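> how would this look folded up:
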Amino acid sequence: MSAPETSSGTLAIAVSEGVISQAQADAILAIKARKEGAEEPFVLVNNFGDLFLCLGLLIIYMSMSRFATLLGLDPTIVYLAFAALFWFLAEIFVFKARRKFPAVISALLFVWLGIQAYLTIYPESSSMTALVSGRAALGLLGLATTLFALTLLRFRLPILVLGLAVSAVLLVFTIALRHIQPLAAFSVLALCGAALIAAGIYLDSRDRTRSGPQHEWALWLFVVGSPLMVHGMMLFVLKDHIAMFSIGFASGNSDLLVAQLGTVVWMISGLALAFTLLGLILDRRSLVASSLLYFTAVLTYVAYQSGAGIGIIFAAVPLTIGLLVIILGLAWNPLRRIVLRVVPFARWFRPPSEV
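I've put the predicted structure just below:
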């Protein structure tokens, strides 16, 4: 009978009980990943016990409003008190019970209740006028960024990078909108996305087999950074052509309209293909997923130019995109091997899977 499969959860228990060292556990996972071709390994929920604990957390959260009503306390005090409670529970889940998913939920509830407490102190921040003017956004986003940073520094839960990155980027983007034009501000999003992806590439370079903790930090950096860089760069590069297309559409100049539309389609195709190749090189599917919207736009344009009806377009384009995603997913590792053969300095990137 073959030996039972060694899981990351079992190794984590062995490390916590002193059976093996963390270095030995990482070496075992590295061998397992190399032999099995593990792809972006990620574990958040270990068992139903984690979900059971999360159910308890949500019940505590739902009791909050009734608790405040019974005691007649100021809502701000109630929010802050329950935020402190969830912080305390996160401490237990992270450092005592070692329960990742309940710890994440506790940390998120802490951040949410901190924001709720802020809104009770500054209720005008939630008004539509304040949101449109940006006055409220800076305060809310600044607070959210600070709270996410505190939880991340204390608990070291990789998924919290997602909240920190989103709130920080939105804060930077809101500030940028005050000084530059909206379309130009998308270059800021592209730069933020590129910075997050660069950080993810650095972490991947330190854990090329993705058997240690760095890969999970990199995963969330890519999840946030990929759409920011792809959409930001697309809109920034195409902004002049989009403006010319709008002029042609408004003036009824069909020649200008067709010329600009064709240029936009070719540029979108080139950029989407470039991001797909980059995703294959880095072995990160988030870059490819972020380009699917633009592949869809190109296929829709091609189908329309071919004279296909609207009904056929809305049926055929999603089918084609779905089949392409499945084919690419199944052929990912063989395609990576082909691409890495022609890429200079391929040794810098994660080696292709053996399976």
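
> tally of neighbours for the nearest residue to G279 once chain neighbours are set aside?
In space, not counting the residues next to it along the chain, G279 is nearest to L287; the distance is 3.5 Å by CB to CB, 6 or more residues apart in numbering. Just so you know, the C-beta spots here come from the backbone N, C-alpha and C atoms, and that holds for glycine as well. Using other CB atoms under 10 Å, L287 is surrounded by 23 other residues.

> what helices or strands is the helix or strand L287 falls within leaning on?
For L287, the element it lies in under DSSP states H and E is helix 285-305. If contacts are counted by 3 or more CB pairs under 8 Å, 6 or more residues apart in numbering; DSSP states H and E, helix 285-305 sits against helix 214-251, helix 254-282, helix 310-330.

> orientation of that helix relative to helix 310-330 in degrees?
Using axes from the mean of the first three to the mean of the last three CA atoms, to 10 degrees, one finds that helix 285-305 and helix 310-330 are set 150 degrees apart in direction.

> which residues sit against helix 285-305?
By CB atoms under 8 Å, 6 or more residues apart in numbering, the surrounding residues in contact with helix 285-305 are 40, 197, 222-223, 226-227, 229-231, 234, 261, 265, 268-269, 271-272, 275-276, 278-280, 312-313, 316-318, 320-321, 324-325, 328-329, 332.

> ok, R206 to H215 distance?
9 Å (CB to CB, to the nearest Å).

> In terms of packing, which of the two has more residues around it?
Between R206 and H215, counted using other CB under 10 Å, the more crowded position is H215 (23 against 10).

> Would you mind getting the angle between the host helix or strand of Y202 and helix 285-305?
Following DSSP H and E, one finds Y202 within helix 182-206. Helix 182-206 and helix 285-305 meet at an angle of 140 degrees, taking the same axes, to 10 degrees as the criterion.

> now helix 182-206: how far from the chain's centre is it?
Its chain's average C-alpha position is 12 Å from that of helix 182-206, according to CA atoms, centre = their mean, to the nearest Å.

> Show me what it is packed against.
Counting contacts by 3+ CB pairs under 8 Å, 6+ apart, the secondary-structure elements packed against helix 182-206 are helix 160-177, helix 214-251.

> Swap in 10 Å and give it another go.
Applying 3 or more CB pairs under 10 Å, 6 or more residues apart in numbering; DSSP states H and E, we find helix 182-206 packed against helix 160-177, helix 214-251, helix 254-282, helix 285-305.

> Run a quick neighbour tally on the closest residue in space to L228 that isn't next to it in sequence.
With CB to CB, 6+ apart as the measure, G193 is the residue that lies nearest to L228, at 3.0 Å, once sequence neighbours are left out. The burial metric for G193, expressed as a neighbour count using other CB under 10 Å, is 25.

> nearest spatial neighbour of the residue nearest to the spatial centre of the chain, skipping sequence neighbours?
Against the mean C-alpha coordinate of the chain, by CA atoms, centre = their mean, the closest residue is V223 at 2.6 Å. Excluding its sequence neighbours, the residue lying closest to V223 (CB to CB, 6+ apart) is S286, at 5.4 Å.

> helix or strand right after the lowest-mean-pLDDT helix or strand in the chain?
Confidence across the helices and strands of the chain bottoms out at helix 128-133, with a mean of 49, counting by mean pLDDT, DSSP states H and E. Taking DSSP H and E as the definition, the helix or strand that follows helix 128-133 towards the C-terminus is helix 135-155.

> And that next one, what does it pack against?
If contacts are counted by 3+ CB pairs under 10 Å, 6+ apart, helix 135-155 sits against helix 75-95, helix 100-121, helix 128-133, helix 160-177.

> would you list those in a markdown table and tack on mean neighbour count?
What follows is those, written out as a markdown table (neighbours: other CB atoms under 10 Å):
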| stretch | mean neighbour count |
| --- | --- |
| helix 75-95 | 18 |
| helix 100-121 | 21 |
| helix 128-133 | 11 |
| helix 160-177 | 19 |
